[in-house]
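1. give me a 3D structure for the following:
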Amino acid sequence: MCLKHAFLTRSFEENKMPYKNKLEQKRNHARWRKRNPDKVRATSRRDYRAHRKARIAASRRWEKKNSKRVKTVRMRWYRKNKKKKFARERLWRHNMTQQQHDAVLKNQNNRCAVCRKIFKETPDIDHCHKTKKIRGLLCSSCNLGLGHFKDDVQFLLSAIKYLKGFASAHA
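-> Sure thing, here's the model as predicted:
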């Protein structure tokens, strides 16, 4: 019998890849995962879909059992990432990605779309309340001003007329 086909005559247990210990087995598995990320991702997704409800239930049970630990970890993370969390939520609320936000900011030369002042603080995301479409980035003063006028062009025109009339009467 040739050595090439000798494994066929051995039992399953003899053909198993021999590992000296668990650590070597883990390292080999880690190397395989690193070399095959697509297979790992596909397997993970398939496994998650198949056992989604059970995993969520197990996670909730663990969180309930370890509530103090979970609360401590979450509070620590929140304190450390407060600004990041707020920024992410703000973008999520307006259905905007960080790349889209950066593109609008660059397009406006880091200036308010109304008063043209350079932003010193995080700009507000101006959007149409009916269509939810993003109009641009504004400083908080301009955003509040538009908000007080309910984004109504007629209100704004009346305010301009009022200001012009008052200015010409006292000039």
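
2. what helix or strand does the residue nearest the centre of the chain sit in?
-> Centroid-nearest residue in the chain, with CA atoms, centre = their mean: residue 88, separated by 5.6 Å. Assigned by DSSP states H and E, residue 88 belongs to helix 82-93.

3. again with residue 125
-> strand 124-127.

4. buried stuff in the following helix or strand past that strand?
-> Downstream of strand 124-127, the first helix or strand assigned by DSSP H and E is strand 134-138. Neighbour-count burial for strand 134-138, counted by 16 or more other CB atoms under 10 Å, picks out 134, 136-138. C-beta here means a position set from N, CA and C on the backbone, and glycine is covered the same way.

5. cool, stretch 73-91 as well?
-> Buried residues in stretch 73-91 (16+ other CB under 10 Å): none.

6. what about residue 50, distance to residue 76?
-> The gap separating residue 50 from residue 76 is 34 Å, by CB to CB, to the nearest Å.

7. before we move on, back to that, which SSE is immediately downstream of the helix holding residue 88?
-> By DSSP H and E, the next helix or strand past helix 82-93 is helix 98-107.

8. who's in contact with that next one?
-> 91, 119, 123, 125, 134, 136-137 (CB atoms under 8 Å, 6 or more residues apart in numbering).

9. hang on, the earlier thing: pull up the per-residue confidence for the residue nearest to the centre of the chain.
-> Per-residue confidence (pLDDT) for residue 88: 92.

10. check residue 113 too.
-> 96.

11. my guess is residue 28 meets residue 22, correct?
-> No. Using CB atoms under 8 Å as the test, residue 28 is too far from residue 22 to be in contact (10.7 Å).

12. neighbour count: these two, which is higher?
-> residue 28 (12 against 8; other CB atoms under 10 Å).

13. ok but that one is inside a helix, no?
-> Yes. If the criterion is DSSP: H, G, I helix; E, B strand; the rest coil, then residue 28 is within a helix.

14. the chain should start at 21 in everything you say after this.
-> Yes, from this point I'll number from 21; that puts the last item at residue 48.

15. nearest residue to it other than its sequence neighbours?
-> residue 39 (7.2 Å; CB to CB, 6 or more residues apart in numbering).

16. what number of residues are in the vicinity of the one you found?
-> 13.

17. what helix or strand does it sit in?
-> Going by DSSP H and E, residue 39 is not part of any helix or strand.
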